[in-house]
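[1] no FASTA, just this:
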């Protein structure tokens, strides 16, 4: 996925697109080279005079990603041509000390982590927007009854607030997992022993990591790809949490359900030929993003098993999927933030749908109203029979219950009506909403 | 995966890159619009005067993929802005008849198939290069002994020619499967009924398909994604067949094995810091490509289950992975073609490695030489004991066998020596090589 | 997935479960050993006296899969303990000739193909039931109007028959692909050279294949895993075609849509606590099966790249996922056969839902009615405006159209009414239905 | 993957097999029902007299998983028949209160977490064995030189201890991630509102969680599948870390490398026909397990997007893959524990292989020895030239260096010899080993 173009522009918002662009990769690679020069000069591995020239050459604008890509083919990675070009750009004196003692993978891995660190911040901002929007919806609709649906069938009433609180809970989990991924600097030299980086190479590693804002690794991880695979998994988990929301929004937006609608300004969701349509286009894009993130994450998980000190292919397979996973998780988050921030909520349609089953939806409520005295099994039996008669006859359940002597022995008409009121059978929905909102507040507070 | 850039340029050869570029997609979309106008005019749905203007506007150079991508965000696909722009480009009179009766998915799906058709031809050319190179290696080394290795242990001798014939067989299977994928035109209108395409819409479908060189579909397949998923699977199978070759080449290239080496001209396979290295970089790139193709194919397989007449997300998830799968299968094929065409083969190292086990590799041969008379179990037992003694003592198996009375009762010294000669225990290797070469010739002849 | 047990019994029908059971695997392994003995005796590699004893020992009832599994751990595959046990079972004389010249992978691969061949026949039977049921639904509802839905929004009318015809088309594709997978016998000996199988080993291969009803391979394919990976892909494609149907059935079954319902006899689809529910349980199970088939297929695709003449792990990774892919594709096919054979279709709900948008669904029809004279763009504009007014005011589109002078200039009231009739805007739906049914008939005829 | 049988017995060790068996699932489901009864009695939702009878009926031995599986087909999950059977088993009085207010998914999800909790402990024990063995190898071989290999080519010397320390580091990461997965109890009732569980349902949730040793969820997570998907990802990450070790062991075990060998007692690693073979069978099994875990994890990640309050298929798709992922991660951990605990290490082969390139492996060392004075580029150039001459002539690099005036101007013979000594160019390998061992100690201390 590119940061722009026919599909990049469609799926990936501009900021994340830029943060995962070729240019961003090149800059991150250069940031590593600059940090390495700085650190090596600090420790006396290279002369301090070289640092300024190297640092000033480390600007992505000086290098052309398209050329680097083509030149990379001979060596199998873009570091070799970039170091060559940077060595020239740094001038004769400083150029000798460019990339001192480092190996290509030190550059690529550190750059991958830098790109990830920067993109994650943008993704998290959009996840925060999604969480805020969910929290607002949860708060506003704590007690707005809606049909709870299991296996796509109406089961029992719940509240739209609890539904949104569930989305929120999933997104909060996702943010925690993503934030927990450690972005590690990489520096080990060609075989991971740091043999080529002076007398105190561990200090150089430490300084490089600090300079880049990355975690200092216990060991070089050229051949232990957990950090990348874990990031892929965390992105897939975040995308999955968003995909869940997108799926629910798309389902609630169906003409026949009509309980929510995506925002529609600016031609959004329109069809080229069907003027009346209001497609859940943000949800569709988010779902498409999430699926692609999963595909990318599967490549990253497979890349964990690489040969010896550097893999012949598994490592190379990470770069594009990692970029895609970041860009498209960003795409999913941004799409759902837009959807939820402008979501049109229709409590009246929720209420109307709640009565679509003629009260059958309240069967458990009636059962429970009887069960304490009668026992669950018998209550269940009585209600099941009445429900069946109601369904067969197309009558409201209320009528069947009122006409049923065995029921009437146990419940008064008032008790029946109360048991049939969705708003009276919401259980702990409001408290659960509050928990989710509280959890969101705490997570925000920690950041 | 873009057709160019830091990773696109690295993994994807120029021709396939161009064939799967944004520009190629836009041109394919325009080709559909032109074919549609032509067909509809033929059948009288739109005036024939409109065709020339539409056709002449249908040139990708007129449209900017980056802008289309951004504008696509509102509608969720790039067809809406493209049709808008094309309508303008075609002029007032003809513009009214652009995209007549079609739906966005008609355009995207037909374009996807066109892009695939064109890219497949390029991929097949490189698969053909791979097959040719395998056939040449198989032919030249029909009887060149090499250790057959199972579970990465030397098992028995085989020939390098048979190894190459196995690669060839896998690639021939892959070409057949890929060639068998039917590329279907798409035309159904907004709900797949063709209601908006005049009185003889099936004729329009037929003409559009013919004009585009695509297969005529029995039914619109907006919601039956088998054609796309099957293509993804066929690409993954082709990439997998190439990955197998790449893995073997990388393993045979190990310093300690040294039986082949990738071509090394022009700095290829060099390391930035290790001048002596000759990395199997083509194989590494091919393996990296294949893994990404698999990731992309998994998205396409998942996309089969889409909602009703057009999916809300599953469909959108296909475009980039299909593009990647084509581009990267092309990348793997091209990389392995280069590798195999220039492969350095070292029969002397093969021979040296065959003696690495001190003859233990020939244990089965000795067993078989005795087994007809002695029975497999007893022969096996005698050879196993001798092998164990040889391994423990670090002596050649020959010495142990010659010193073993039970063996000598059954085999003469000459028979022992013959049984220990790898070149005398190659079974049907040459005939099997011939079969593979023959199969390749027949496949070529059919094309 | 076992053939029985808590989840096996839930997802896998009995016949496919049995055909993919441990017992079925053991029998298939024994069938190979018997066929090998037969073929080798024919060619004179082993004495013909041994054949009867070996054949009669080759009955799965004699061997305990649980013990074989545990004993298999030392060698890494179940062939080693099975051959040991079979050698004993065949008696001293014949035992010596058991498994003559074969390698473990010859047995496992041939058995895998045999198990697959047998399971495929059962799967295809259930796919045939699905196809028949789709064809009946398509036939019965060629002209039954239903809302065509794109991105989960009502777009245009189509017919339920065309919907079922689309399902059918997908299933027919799937059957063709699955039937096209060649099930190849495997025989190559330890390194694939056939060195251990007498003087005419290719004849032995041919006889073994014929005896087993498997295809004769051009070459041993121990290390070319295309045949297995292709089978995995074909199963995933079949499962995906079924999953599409299952998704549509589940969506159409929603309380708010109510256009179909799964059969409900015998407590099917009931809930433990909600007596009124009628869950689309067959569709849910089919969807669950399909997802698992995809996961299994991804393992098989990854297994293509194995080392040298036999992979150290990739090969071993195939057995359980292949078994699962077969069993669960069978599960999906069986579940959907039951669903479709008993599907309750509700044309009256389809009709009611078609009017849910107050005629907006017919916007394209009205546009088209005007477009020939007016041009698509202007017609589109007029209808879009009327649609917008209708949606905003909650009025039927008909009223807006009738009140709109610009519309009335172009269409008479009769033309407006005709353009608003879903049954009059079904395009080629009936012809397309006929095509699918015809294709089904032809496929059946070929079998 | 079953806990026993042809493939279960092969891949899954007995303890993890038992912990993930059908019986273990049934017991976990019953444990939930018992905990629910206890908790509901505590809070007064059901009479306390019912608890003992329910608890005593909650023994897996009373129920037959095979029958439950078949009966589960009607309802789509095994809870419905189990609750029915349990209700009977608990007797008339207590039976009325079985499963009070709970929904099937409460039972399945809580049981899934219980099974996971129990299996994770076993997996972690085997991961601990792997870590211990890695730590011992790292400690014993801190300074044992071995060729560092990148892209499967010898690059530079490292130590076998550092190699093992890298494995250890990967396993420690994996253990941390797996331990961090929160196992959440599930209780929400049919729509997740807890409406059916008395007046203080949140207290019931809390008590159930405590009783089961699971985490108390903030909200019911019927439709937020992060907890399951995250577990799947953590298992795939653990399996991936093991797969990396297995791959290295298999590669180091190659006949031509011979630097380690798997333990071989008891027929382990033997071949049916090749008596000399010592297959890396434990590594092969571990690799096969890891691939299957990834396939299973991909299903769990896909299952995150489920419809509304309970998914129609996505949920059902979790059970078998979760079971497989646990069992097979256990299989991989157990296999590698056996491999590493008995690993035969051959420093003499490591030393011999280090000289295979005639000193070319030390090129960087020589470069670095010159580079401080000469500059990296010129030093690199001199060494590259000498290396090329050495490679072309088949001479040792030492001879070329000694004969090269430009080199001799900069380095004395002693300096050249020192620069060519692998043991003198190990960089920070020993310190890095110490870090990994220290990290392992700390992790153990925390447990």
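    Looks like it arrived, so ask away. As the structure is a prediction and not an experimental result, all values here were calculated from the model.
[2] all strands of the stretch 201-350 of chain A, in order?
    For the stretch 201-350 of chain A, the strands defined by DSSP state E, counting those that start in this stretch occupy A:260-261, A:344-345.
[3] my bad, should have said the stretch 51-200 of chain A
    A:145-150, A:153-159.
[4] Make a markdown table out of those and add mean pLDDT, mean neighbour count and distance to residue A:23.
    All C-beta spots, glycine's among them, are computed from the backbone N, C-alpha and C. Formatted as a markdown table, these follow (pLDDT from 0 to 100; neighbours: other CB atoms under 10 Å in any protein chain shown; distance: least, CB to CB, whole Å):
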| stretch | mean pLDDT | mean neighbour count | distance to residue A:23 |
| --- | --- | --- | --- |
| strand A:145-150 | 98 | 28 | 46 |
| strand A:153-159 | 96 | 27 | 47 |
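[5] These: which one's closest to residue B:312?
    strand A:145-150 (17.3 Å; CB to CB).
[6] Can you spell out which helices and strands pack onto the closest one?
    strand A:153-159, helix A:160-180, helix A:347-354 (3 or more CB pairs under 8 Å, 6 or more residues apart in numbering or on different chains; DSSP states H and E).
[7] Now with 7 Å, please.
    strand A:153-159, helix A:347-354 (3 or more CB pairs under 7 Å, 6 or more residues apart in numbering or on different chains; DSSP states H and E).
[8] Burial check on residue A:443, number of neighbours?
    16 (other CB atoms under 10 Å in any protein chain shown).
[9] in which helix or strand would I find it?
    Residue A:443 belongs to helix A:429-446 when assigned by DSSP states H and E.
[10] For that helix, what is the distance to the chain centroid?
    Distance of helix A:429-446 from the chain centroid (CA atoms, centre = their mean, to the nearest Å) equals 19 Å.
[11] any idea of the mean pLDDT in it?
    On average, the pLDDT along helix A:429-446 is 95.
[12] Check which helices and strands that helix sits against.
    Counting contacts by 3+ CB pairs under 7 Å, 6+ apart, helix A:429-446 packs against helix A:104-140, helix A:160-180.
[13] Go again with 10 Å.
    helix A:104-140, strand A:145-150, strand A:153-159, helix A:160-180, helix D:201-212 (3 or more CB pairs under 10 Å, 6 or more residues apart in numbering or on different chains; DSSP states H and E).
[14] wait, which of the strands of the stretch 201-350 of chain A is closest to residue C:74?
    strand A:260-261 (59.9 Å).
[15] The closest one and chain D, any residue contact?
    No. Against chain D, strand A:260-261 shows no contacts by CB under 10 Å from any CB of the partner chain, the least distance being 12.4 Å.
[16] Name the residues of the helix holding residue A:443 that come out as buried.
    Judged by neighbour count using 16 or more other CB atoms under 10 Å in any protein chain shown, the buried positions of helix A:429-446 are A:429-430, A:432-437, A:439-440, A:443.
[17] just to revisit the earlier point, burial-wise, tell me which of the strands of the stretch 201-350 of chain A comes out on top.
    For the strands of the stretch 201-350 of chain A, average neighbour numbers computed from mean count of other CB atoms under 10 Å in any protein chain shown are highest in strand A:260-261, which has a mean of 22.
[18] Mind listing the strands that one pairs with, and their directions?
    strand A:344-345 (antiparallel) (DSSP bridges).
[19] So which residues make contact with the strand it pairs with?
    Contact with strand A:344-345 is made by A:137, A:140-141, A:144, A:146, A:160, A:164, A:252-253, A:259-264, A:278, as judged by CB atoms under 10 Å, 6 or more residues apart in numbering or on different chains.
[20] same thing but 6 Å
    A:260-261 (CB atoms under 6 Å, 6 or more residues apart in numbering or on different chains).
[21] What of stretch A:362-380?
    Contacts for stretch A:362-380 (CB under 6 Å, 6+ apart): A:156, A:383, A:387, A:410, A:419-420, A:425, C:273-276, D:96, D:196.
[22] quick one on the thing from earlier: out of the helices and strands packed on strand A:145-150, the one nearest residue C:63 is which?
    Nearest of the helices and strands packed on strand A:145-150 to residue C:63, taken as CB to CB: strand A:153-159 at 46.8 Å.
[23] helices and strands around the closest one, which ones?
    In terms of contacts (3 or more CB pairs under 6 Å, 6 or more residues apart in numbering or on different chains; DSSP states H and E), strand A:153-159 is packed against strand A:145-150.
[24] Go again with 8 Å.
    Using 3+ CB pairs under 8 Å, 6+ apart, strand A:153-159 sits against strand A:145-150, helix A:347-354, helix A:429-446.
[25] so can I have CSV of those showing distance to residue A:132?
    Below are these laid out as CSV (distance: least, CB to CB, whole Å):
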stretch, distance to residue A:132
strand A:145-150, 21
helix A:347-354, 21
helix A:429-446, 8
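[26] where does the closest residue to residue A:328 other than its chain neighbours land on pLDDT?
    Nearest non-adjacent residue to residue A:328, counting by CB to CB, 6 or more residues apart in numbering or on different chains: residue A:289, 4.2 Å away. pLDDT for residue A:289: 98.
[27] ok, now residue A:272?
    59.
[28] rewinding a little: tabulate the buried residues of helix A:429-446 in JSON lines, adding columns for distance to residue B:133.
    What follows is the buried residues of helix A:429-446, written out as JSON lines (distance: CB to CB, whole Å):
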{"residue": "A:429", "distance to residue B:133": "67"}
{"residue": "A:430", "distance to residue B:133": "71"}
{"residue": "A:432", "distance to residue B:133": "65"}
{"residue": "A:433", "distance to residue B:133": "65"}
{"residue": "A:434", "distance to residue B:133": "68"}
{"residue": "A:435", "distance to residue B:133": "64"}
{"residue": "A:436", "distance to residue B:133": "61"}
{"residue": "A:437", "distance to residue B:133": "64"}
{"residue": "A:439", "distance to residue B:133": "60"}
{"residue": "A:440", "distance to residue B:133": "60"}
{"residue": "A:443", "distance to residue B:133": "57"}
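[29] So for the closest residue to chain B within the stretch 301-447 of chain A, what's the pLDDT?
    Using CB to the nearest CB, the closest approach of the stretch 301-447 of chain A to chain B is made by residue A:313 at 2.8 Å. pLDDT recorded at residue A:313 is 98.
[30] Stretch A:45-56 near chain B anywhere?
    No. Remark: stretch A:45-56 sits outside contact range of chain B, by CB under 8 Å from any CB of the partner chain, the gap being at least 14.6 Å.
[31] contact partners of that stretch?
    For stretch A:45-56, the surrounding residues in contact (CB atoms under 8 Å, 6 or more residues apart in numbering or on different chains) are A:33-34, A:37-38, A:40-41, A:86, A:90-91, A:93-98, A:100-101, A:197-198, A:204.
[32] Buried residues in that stretch, which are they?
    A:45-46, A:50-51, A:53-55.
[33] pLDDT averaged over it - what is it?
    For stretch A:45-56, mean pLDDT is 96.
[34] Brilliant, that's me finished.
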